[in-house]
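[1] Predicted model and sequence follow; I will ask about them next.
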Amino acid sequence: MITADYLVIGSGIAGLTFSVKIAEKYPERKVVVVTKANEDESNTKYAQGGVAVVSDKENDSFKKHIKDTLIAGDGLCNEEVVEMVVKEGPKRLQELLHWGANFDLDDKGVFDLGKEGGHSEYRVVHHKDITGYEIERALLARAHQLPNISILPHHFAIDLVTNHHVKNIQSEQLQCYGAYVLDQKSGEIFTIRANSTLLASGGVGCVYGHTTNPKIATGDGIAMAYRAKAKIRDMEFVQFHPTALYEEKGESSFLISEAVRGFGAYLRNKDGVRFMLDYDVRAELASRDIVSQSIDSELKESGDSHVYLDCTHLDMDEFKKHFPNIYKKCLDHHINVERDWIPVVPASHYLCGGIEVNKKGQTSIDNLFACGECTRTGLHGANRLASNSLLEALVYAHNIYKYLCKHGYEMSDVEIPDWNDEGTTLTKDNVVIRHNTQQLQALMRDYVGIVRSNERLHRAVKHLDLIYDEVEELYRTSKITTSLCELRNMINVAHLIIGQSLERTENKGGYYNLDNVKKM
Ligand code: FAD
Ligand code: SIN
């Protein structure tokens, strides 16, 4: 057993920002960060567009950023939260700069601001088209300078330790005491006991096979919190990014940033028609839900597999300066952006819902906090405004830090039993896991995609139940492996997405159900 003052699950922007802040403030307290892959592997690392923050006082204002966020969220944002996050943005960005993150400046030495769908002004602070890589680099570098932070890579959090595990607890209110963690290299499972636990475990993109997210995005934190009986909300609002690079063979996953459309690129169908003009006056710069649903509708009508992003009319020297990574990636795929249109298709990208937290980042379980993409804060409502996610993580990491500075801490002395794997054996049959993962991803793609219907959702429930039974049986009898846990977690997440989709009777933002249209 390891004992820590703070256990942080995840080393993306949310987990690292919190860890750095609390470790700087209390050098005598111990922060343990567990992370299931290399320490930098995260959705954060792949963020392209940037961080939405009001910095151009002449043209932009908090009021405009708030309004854009509320419009994108389609009436379901918490206005108080939106105002708090937008107004905190500039201060939190300053901290990132202080820790050494670099963002692009223009000739006058002020931020070179980008624009993305749903933004009425240029306000996206970025580092070329690899903003997340730069943020992750800076945060890790700062974390490594702080001796009271221990980062444990290749350590997988399996489950939270709560009242259910601990003996002689009188309280009805759920409490978290830490987590059971698998050392993925040795196979050993041990307990990390902590006064406060932070879930910063990121998104769920891999529940759909076709995603912009890296392989770590399997919704583990949300599934753990759900099993521990924390409140989970708004899971039906899965955001599909309109422009993932289309690849004929295999699943495309590389993102062509929305900032490319902000830079002036057009979406065209195979006949060359700029179809977005027919769907929204903002055309290519409508919010993401609208662009993805429009592409989906074009593709259903034409039977085509993809549409195109046309950059050929843009200033190529500037394009290469702003988007060197995208330019190179396209060349690797034999697409010369100067003369070829980029084939693109929507892909699952972001989850607007998740573990419900209040403004202090508290979940419904005592001593359990959550931050970043695994949470539902009320900022995004039914659809996240582009580049508001990194911002949200920075602001909430700060809020949790502030709360924990104010509230004294006391290590509880309850007895936590060791992980019990009696009666389990090592499964050598990875075929069952692989097969069920593919089945799960196929059913989510086919039945729970951009456009849903009650019939498809009910079919999805039936198929998911079969997968659930098979995997639970395997889980009960097998020694824990990462892929088995991830599959189990993705099943929990899929169950939440489908269940909460069926509960939504009105289409909003990123949620579109044909049966709700009929009712209108
Ligand atoms: P992550 O960065 O995903 O970190 C999660 C961490 O938890 C990882 O370290 C992971 O390994 C770890 N973890 C997960 N499960 C476990 C477990 N069981 N045990 C131990 N560790 C675990 N947002 C913007 O605002 N602007 C953008 O420009 C932007 N571009 C994007 C581009 C791409 C391609 C993608 C995929 C996303 C983009 N987003 C963007 C969204 C944004 O990057 C993410 O929402 C944000 O980075 C999430 O940060 P996080 O810290 O919550 O999670
Ligand atoms: C992008 O660069 O298009 C992604 C931005 C985001 O997800 O906020």
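    It's in. Ligands and ions are numbered 1, 2, ... in the order given.

[2] close enough to count as contact, residue 258 and residue 50?
    No: with contacts counted by CB atoms under 8 Å, residue 258 stays clear of residue 50, the gap being 10.2 Å. Quick note: C-beta positions are derived from backbone N, CA and C, even for glycine.

[3] Flag the shaky bits of the chain, pLDDT-wise.
    Residue ranges of the chain with pLDDT under 70: 250-252, 408-412, 428, 518-520.

[4] Now for residue 460: which residues touch it?
    Contacts for residue 460 (CB atoms under 8 Å, 6 or more residues apart in numbering) come out as 443-444, 447-448, 494, 498.

[5] wait, residue 189
    Neighbour list for residue 189: 158, 180-183, 419, 421, 480 [criterion: CB under 8 Å, 6+ apart].

[6] Out of the residues you listed, which sit inside strands?
    Using DSSP state E, the members of those that fall within strands are 158, 180-183.

[7] Please pick the buried ones from those residues.
    Among the ones in strands among the contacts of residue 189, those buried by neighbour count (16 or more other CB atoms under 10 Å) are 158, 180-182.

[8] closest to residue 365 among those residues?
    Within the set of these, residue 180 lies nearest residue 365; the separation is 15.5 Å, counting by CB to CB.

[9] Can you tell me the element the residue of the chain found nearest ligand 2 falls in?
    Of all residues in the chain, the one sitting closest to ligand 2 is residue 49 (2.8 Å; CB to the nearest ligand atom). For residue 49, there is no host helix or strand (DSSP states H and E).

[10] Quick check: it vs residue 327, distance?
    15 Å (CB to CB, to the nearest Å).

[11] Same question for residue 81.
    Computed as CB to CB, the residue 81 to residue 327 distance reads 37 Å.

[12] And for residue 197?
    Shown here: residue 197 relative to residue 327, a distance of 42 Å by CB to CB.

[13] Counting neighbours, go ahead and name the busier of those two.
    Counting neighbours by other CB atoms under 10 Å for residue 197 and for residue 327 shows that residue 197 has the greater number, 26 against 20.

[14] Briefly note if whichever strand or helix holds the more buried one comes near ligand 1.
    If you go by DSSP H and E, residue 197 is part of strand 189-199. No: legend: contact between strand 189-199 and ligand 1 by CB under 6 Å from any ligand atom is lacking; minimum distance shown is 8.7 Å.

[15] okay, stretch 436-450 in PDB with CA atoms only?
    These are the backbone C-alpha positions of stretch 436-450, laid out as PDB (Å, rounded to 0.1, in the frame of the first residue of the first chain):
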ATOM      1  CA  ASN A 436     -16.000  -7.900 -27.900                       C
ATOM      2  CA  THR A 437     -14.200  -4.600 -28.200                       C
ATOM      3  CA  GLN A 438     -14.800  -4.600 -32.000                       C
ATOM      4  CA  GLN A 439     -18.400  -5.600 -31.500                       C
ATOM      5  CA  LEU A 440     -18.900  -2.800 -29.000                       C
ATOM      6  CA  GLN A 441     -17.300  -0.200 -31.200                       C
ATOM      7  CA  ALA A 442     -19.400  -1.400 -34.200                       C
ATOM      8  CA  LEU A 443     -22.700  -1.100 -32.400                       C
ATOM      9  CA  MET A 444     -21.800   2.300 -31.100                       C
ATOM     10  CA  ARG A 445     -20.900   3.500 -34.500                       C
ATOM     11  CA  ASP A 446     -23.900   2.000 -36.300                       C
ATOM     12  CA  TYR A 447     -26.600   2.500 -33.700                       C
ATOM     13  CA  VAL A 448     -25.500   5.400 -31.400                       C
ATOM     14  CA  GLY A 449     -23.800   7.800 -33.900                       C
ATOM     15  CA  ILE A 450     -24.500  11.300 -35.000                       C
END
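
[16] And for it, what's in contact with it?
    Contacts of stretch 436-450 with the rest of the structure, by CB under 8 Å, 6+ apart, involve 206-210, 238, 240, 292-293, 296, 346, 456-457, 459-460, 463-464, 467, 470-471, 483, 487, 490-491, 494, 497-498, 501, 512.

[17] Out of these, which sit inside helices?
    Here DSSP state H is the test, and the contacts of stretch 436-450 give 292-293, 296, 456-457, 459-460, 463-464, 467, 470-471, 483, 487, 490-491, 494, 497-498, 501 as lying in helices.

[18] By neighbour count, sort out the buried ones in those residues.
    Neighbour-count burial within the ones in helices among the contacts of stretch 436-450 applies to 292-293, 296, 456-457, 459-460, 463-464, 467, 470-471, 487, 490-491, 494, 497-498, 501; the criterion is 16+ other CB under 10 Å.

[19] so which of those are also by ligand 2?
    Counting by CB under 6 Å from any ligand atom, no member of those is near ligand 2.

[20] What segments of the stretch 51-200 of the chain are helices?
    In order along the chain, the stretch 51-200 of the chain carries the following helices (DSSP state H, counting those that start in this stretch): 62-72, 79-98, 131-145.

[21] do the host helix or strand of residue 16 and ligand 1 meet?
    Secondary structure assigned from DSSP H and E places residue 16 in helix 13-25. Yes: part of helix 13-25 sits close enough to ligand 1 to count as contact by CB under 6 Å from any ligand atom, namely 13-15.

[22] Show me the one in those residues that has more neighbours than the rest.
    With neighbours set by other CB under 10 Å, the maximum within these is found at residue 14, which has 35 neighbours.

[23] Up against ligand 1, what does the stretch 151-300 of the chain have?
    The stretch 151-300 of the chain has residues 156-157, 200-203, 212-213, 216, 220-221, 255 near ligand 1, with proximity defined as CB under 6 Å from any ligand atom.

[24] If any of those are buried, put those into a ChimeraX selection.
    Provided next is the ChimeraX selection string for whichever of those are buried by 16+ other CB under 10 Å:
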select :156,157,200,201,202,203,212,213,216,220,221,255
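
[25] got JSON lines for the residues of the stretch 151-300 of the chain next to ligand 1, with distance to residue 369 and secondary structure too?
    Written out in JSON lines, the entries for those read as follows (distance: CB to CB, whole Å; DSSP: H, G, I helix; E, B strand; the rest coil):
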{"residue": "156", "distance to residue 369": "20", "secondary structure": "strand"}
{"residue": "157", "distance to residue 369": "14", "secondary structure": "strand"}
{"residue": "200", "distance to residue 369": "9", "secondary structure": "coil"}
{"residue": "201", "distance to residue 369": "12", "secondary structure": "coil"}
{"residue": "202", "distance to residue 369": "15", "secondary structure": "coil"}
{"residue": "203", "distance to residue 369": "18", "secondary structure": "coil"}
{"residue": "212", "distance to residue 369": "27", "secondary structure": "coil"}
{"residue": "213", "distance to residue 369": "23", "secondary structure": "coil"}
{"residue": "216", "distance to residue 369": "20", "secondary structure": "coil"}
{"residue": "220", "distance to residue 369": "16", "secondary structure": "helix"}
{"residue": "221", "distance to residue 369": "11", "secondary structure": "helix"}
{"residue": "255", "distance to residue 369": "29", "secondary structure": "strand"}
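
[26] Which of the residues of the stretch 151-300 of the chain next to ligand 1 sits closest to residue 39?
    Taking CB to CB as the measure, residue 39 sits nearest to residue 216 out of those, at 11.5 Å.

[27] wait, doesn't the closest one sit right on residue 40?
    No: using CB under 8 Å, residue 216 makes no contact with residue 40, being 10.8 Å away.

[28] distance of the closest residue to residue 458 other than its chain neighbours from residue 225?
    In this structure, residue 458 finds its nearest non-sequential neighbour in residue 502, 7.7 Å apart by CB to CB, 6 or more residues apart in numbering. Relative to residue 225, residue 502 is positioned 21 Å away (criterion: CB to CB).

[29] For the strand holding residue 197, list the C-alpha coordinates in CSV.
    Taking C-alpha atoms only, strand 189-199 is exported to CSV below (Å, rounded to 0.1, in the frame of the first residue of the first chain):
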residue,chain,number,x,y,z
ILE,A,189,-2.3,-4.8,-7.8
PHE,A,190,-1.9,-2.5,-4.8
THR,A,191,-3.8,0.2,-2.9
ILE,A,192,-3.1,3.8,-3.0
ARG,A,193,-4.7,5.4,0.0
ALA,A,194,-5.2,9.1,-0.2
ASN,A,195,-7.0,11.9,1.7
SER,A,196,-8.2,13.4,-1.6
THR,A,197,-8.5,11.6,-4.9
LEU,A,198,-8.8,13.4,-8.2
LEU,A,199,-10.2,11.7,-11.3
